[in-house]
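give me a 3D structure for the following:
(one chain, ligands or ions: 1)
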Amino acid sequence: MRRASLRRWRNADSLRTVMNTSLLATLNERFAEAIAQVCETTPERVTAAVQPSADPKFGDYQCNAAMALARQLRQKPRDVAQRIIDAVHLDDLADPLEIAGPGFINVRLTERALAGALEAIPVPTEGDRDPTADASTRFAPADRLAIPRVADPATVLVDYSSPNIAKQMHVGHLRSTIIGDVFARVLEFEGHRVIRQNHLGDWGTAIGAVITGLWYVRTRLARGEDLGGIRKRLELINALRGQGVDERRNALAPIAAEWTEDLARNDAADYAESTTLDELELGYVFVQTIASIASGTGVLVGSGAQEQLLEGIPRLITTFLQRGSADDRYEQEEWRQARTISVNACQSIYDVLGVTLTPDDMFGESDYNAFLAETVTDLKQRLAQPTGPDDAIRAVYRNDQGADCIFLEKPDGTPAFKNPEGNPLPMIIRKSDGAYLYSTTDLAAIRYRVNTLGAERIIYVVGAPQKLHFQMLFAAARAAGLAPSTTRLEHVSFGSVLGDNRKPLRTREGGTVKLLELLDEAQRRAFEVLQTREAEEDARDADGALDDASKRKIAQRVGIAAVKYFDLSRDRNNDYVFNWDQMLTFQGNTAPYMMYAYARIRSIYRKAGDPAPQALYADGATITLGEPAERALALRLLRFRESIRVVASDLLPHALCSYLYELAADFMRFYDSCPVLQAPDDATRNSRLRLCDLTARTLKLGLNLLGIDVIERM
Ligand code: ARG
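Presented below is the predicted three-dimensional model:
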């Protein structure tokens, strides 16, 4: 009796350690201690190389350290393995250890250890928490499934979504938004201080065209023209591409005359403020196009002192805006409005998507304007002498044909980056006309993020085409000392979303796919899928038919979740083909399947009479894992922590998706082979219901970290 309770106490203690770290971390620690003893060193200096076993035949985990160590110690690997086994303390957690093959040490955890670790997860909390709180405080300790925050929180900045002003977000921004949001959620859950930054492209040379376009569209609408009219004119102008100067001049003349008249009357301001993003984008594209078609034609717009070359107008407006003088208040106000229109349009997409970005996270390129000149001066000073350790890329400042450039060089003096012709590729930070660039802003942003925001890790969630930009940016920032070596700079890139033709996703007409329309379609299709499914399958395990209104609500959630999950469940480095049928099927690793798995478990729970969790979690109530399927489920549940760790460190959301999918599969196997409601006795029924509850809670938390809300009934 005394011995038994003593063992229990010891168990409780070691299980607390297990839950405080993870099974994997605990095993790594224990093996590290043993290896240190074998090698006569300290545990910090050894890697225990514990891994989950690929095949349950070889136990739950294996320690692979003996092979490497054998070389070092000049001993046989199996002998080293035996010495490690003799030194390691695992009798509270594992069955006697076994050596396999050349020297793998197989670990099979005891049923009691697994059950005890699960028993240590507290009763779920009642009621919903404040959903606006950050993820580390949004979850009560019990909702966190006893997963503690990290001991050494860092300030992590996630730069994501980052669309451009006056443009619909494209699918690339959708990926950045969905993936970046997972990082923000997971890192916050881990206990880090997360700063979300939406690096809106709201500056640069295109803004002149944006503002002129806004003026143009508003003026034309105020004159009673509709968008169709402007679109037609745009088509007309587009058709002039490649034609001779005379043809273009003649065709542009009437438009320029109308434009001049509009300028004279200047009544755009009368037009209501409610310009949409579509209108803004149309105006912007129109002005960009007409300016390029006007190139070389000499077509003029405006009269008297106002007269200008049509092709030069956007550039002119950009300079007005960039010099920031009080005379240009009209342009500044127009720009502000264009920005507001864009920001609001983005926010409505974030809201539909259930993404945690808010208007407060918007920190656009324009917000760095005030720092660009000082950033360039600072860089010049810092790079006056080549910097950095001898083995790192060095940065050399040089003025090249009037432009301020940073040349990045390998230690041997050869260029670190070359253009396709093989010449050194510099990072231009100020053009000869004084204009700053995308790179300049990003350098200023690093300075601000490190010095002012205190970022210790900066994660840029941006598509693969910008790989070179970030390589050069990071090299320059490091070499110039803008980011100390302790600051992690990571470009998290991702592949493209392709259409059926394996080319980047486009509408049937060849235009860019509008996200809001895409998300509407997702909801519509999800509703159809739910309808068909219901018609086909009355043998539903859930609690009977749903009315139309609830079905619509479910379809909304499932549709959006399907788009998100389809993206997240793939290795982000690869391209993927967008496929409605695949993302909306209830089979396989999809959102509908995962959400249904959750709802189904909840329905089992309801069928059991919705027992109060307190009853299942009562003091002394134990979990038993006699059946292989019970044991497999328990082990999987306990490995949740590891998969979150992978997302936090390797930034791979699909690892969490795969985990949740395997959890759902393990649950289904358990449910098929272990009766829950008809369990042989009350204790077993209780234990199994508790496994149901823990699975549901794990799925809910895991999906939440992926930005997906579960549904109780579907
Ligand atoms: N606005 C850019 C684009 O749409 C992405 C910005 C990414 N973030 C950054 N700090 N450069 O391509």
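
the stretch 501-650 of the chain: strands as residue ranges?
Along the stretch 501-650 of the chain, counting by DSSP state E, counting those that start in this stretch, strands occupy 576-577.

give me the residue from it nearest the ligand.
Thr512 (12.6 Å; Cβ to the nearest ligand atom). Placement of C-beta: from N, CA and C, glycine included.

for the residue nearest to that residue when sequence neighbours are not counted, give me its contacts.
Nearest non-adjacent residue to Thr512, counting by Cβ to Cβ, 6 or more residues apart in numbering: His170, 5.3 Å away. With contact set as Cβ atoms under 8 Å, 6 or more residues apart in numbering, His170 has these partners: Pro163, Thr512, Val513, Leu515.

so what's the residue of the stretch 501-650 of the chain closest to the ligand up against?
With Cβ under 8 Å, 6+ apart, Thr512 has these contacts: Gln168, His170, Arg506.

what strand or helix carries Ile459?
For Ile459, the host element (DSSP states H and E) is strand 457-461.

make that Ile105, sorry
strand 104-107.

partners of that strand, with directions?
strand 61-63 (antiparallel), strand 98-100 (antiparallel) (DSSP bridges).

for the helix or strand containing Ala115, packing partners?
Take DSSP H and E as the rule and Ala115 turns out to sit in helix 111-119. Packing partners of helix 111-119 (3 or more Cβ pairs under 8 Å, 6 or more residues apart in numbering; DSSP states H and E): helix 2-20, helix 628-638, helix 682-705.

and it, how far out from the chain middle?
34 Å (Cα atoms, centre = their mean, to the nearest Å).

export that helix as CSV, just CAs?
Output of helix 111-119 as CSV, limited to C-alpha atoms (Å, rounded to 0.1, in the frame of the first residue of the first chain):
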residue,chain,number,x,y,z
GLU,A,111,0.2,2.6,-20.0
ARG,A,112,0.3,4.2,-16.6
ALA,A,113,2.6,7.0,-17.8
LEU,A,114,0.4,7.8,-20.7
ALA,A,115,-2.8,7.6,-18.7
GLY,A,116,-1.3,9.7,-15.9
ALA,A,117,-0.1,12.4,-18.3
LEU,A,118,-3.6,12.6,-19.7
GLU,A,119,-5.1,12.6,-16.2
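
picking that back up, what's the least confident stretch among the helices and strands packed on helix 111-119?
Comparing mean pLDDT across those, the weakest is helix 2-20, with a mean of 48.

report the buried residues of the helix or strand just after that helix.
Sequence order places helix 23-39 as the next helix or strand after helix 2-20, per DSSP H and E. By neighbour count on 16 or more other Cβ atoms under 10 Å, the buried set for helix 23-39 is 23-28, 30-39.

cool, stretch 461-471 as well?
Neighbour-count burial for stretch 461-471 [16+ other Cβ under 10 Å]: Val461, Val462, Gly463, Ala464, His469, Phe470.

how about residues contacting that stretch?
For stretch 461-471, using Cβ under 8 Å, 6+ apart, the contacting residues are 158-162, 172, 175-176, 179-180, 183, 417, 438-439, 442, 460, 491-496, 573.

roughly how far does Cys667 sit from Asp693?
One thing to correct before we go on: residue 667 is Phe, not Cys. 11 Å (Cβ to Cβ, to the nearest Å).

distance from stretch 501-508 to the middle of the chain?
With Cα atoms, centre = their mean, you get 23 Å for stretch 501-508.

quick check: end-to-end length of that stretch?
One end of stretch 501-508 to the other measures 11 Å (Cα to Cα, to the nearest Å).

can you list contacts of that stretch?
Contacts for stretch 501-508 (Cβ under 8 Å, 6+ apart): Val171, Ser496, Val497, Leu498, Gly499, Thr512, Val513, Val577, Phe578.

for it, buried residues please.
Within stretch 501-508, the residues scored as buried using 16+ other Cβ under 10 Å are Leu505.

could I get the average pLDDT for it?
Rounded mean pLDDT across stretch 501-508 is 84.

which residue packs closest to Val186, ignoring adjacent ones?
Val186 sits nearest to Val647 (Cβ to Cβ, 6+ apart), 4.8 Å away.

just checking, that neighbour touches Ile179?
No. Look at Val647 against Ile179 with Cβ atoms under 8 Å: they stay out of range, at 10.5 Å.

anything in contact with each of those two?
Pro653.

write out the residues of the stretch 201-350 of the chain neighbouring the ligand.
Contacts of the stretch 201-350 of the chain with the ligand, taken as Cβ under 6 Å from any ligand atom, map to Gly201.

identify the residues contacting the residue of the stretch 201-350 of the chain found nearest the ligand.
Nearest to the ligand, among the residues of the stretch 201-350 of the chain, is Gly201, at 3.5 Å (Cβ to the nearest ligand atom). Applying Cβ under 8 Å, 6+ apart to Gly201 gives the contacts Ser162, Pro163, Asn164, Ile165, Gly364, Glu365.

ok, Leu353 next?
Applying Cβ under 8 Å, 6+ apart, the residues contacting Leu353 are Thr177, Ile178, Leu519, Ile560, Lys564, Gly707.

hmm, try it at 10 Å
Ser161, Leu174, Thr177, Ile178, Asp181, Leu515, Leu519, Ile560, Ala561, Val563, Lys564, Gly707 (Cβ atoms under 10 Å, 6 or more residues apart in numbering).

quick check: phi and psi at the residue of the stretch 451-600 of the chain found nearest the ligand.
Distances between the stretch 451-600 of the chain and the ligand by Cβ to the nearest ligand atom are smallest at Val462, namely 4.5 Å. Dihedral pair for Val462: phi -140, psi 140, per degrees, to the nearest 10.

so how far is Ala338 from it?
For Val462, the distance to Ala338 - Cβ to Cβ - is 23 Å.

with Pro102 instead?
From Pro102 to Ala338 the distance is 66 Å (Cβ to Cβ).

please apply the same query to Ala618.
61 Å.

who has more neighbours, these two?
Neighbours per residue (other Cβ atoms under 10 Å) separate Ala618 from Ala338, with Ala338 holding more: 24 against 11.

so which strand or helix has the more buried one?
Per DSSP H and E: helix 329-353 holds Ala338.

that helix: which residues count as buried?
Quick answer for helix 329-353 (16+ other Cβ under 10 Å): 331-332, 334-335, 337-339, 341-343, 345-347, 349-350, 352-353.

now swap in stretch 602-621 and tell me
Of the residues in stretch 602-621, those buried (16+ other Cβ under 10 Å) are Arg602, Ser603, Ile604, Tyr605, Ala608, Pro613, Leu616, Tyr617.

could you do stretch 405-414 as well?
Buried residues in stretch 405-414 (16+ other Cβ under 10 Å): Cys405, Ile406, Phe407, Leu408, Glu409.

Val194 - that's part of a helix, no?
No. Val194 is assigned strand when assessed by DSSP: H, G, I helix; E, B strand; the rest coil, not a helix.

hmm, back to that, now render the contacts of His170 as a markdown table, adding pLDDT.
A markdown table is the format used below for the contacts of His170 (pLDDT from 0 to 100):
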| residue | pLDDT |
| --- | --- |
| Pro163 | 96 |
| Thr512 | 79 |
| Val513 | 84 |
| Leu515 | 87 |
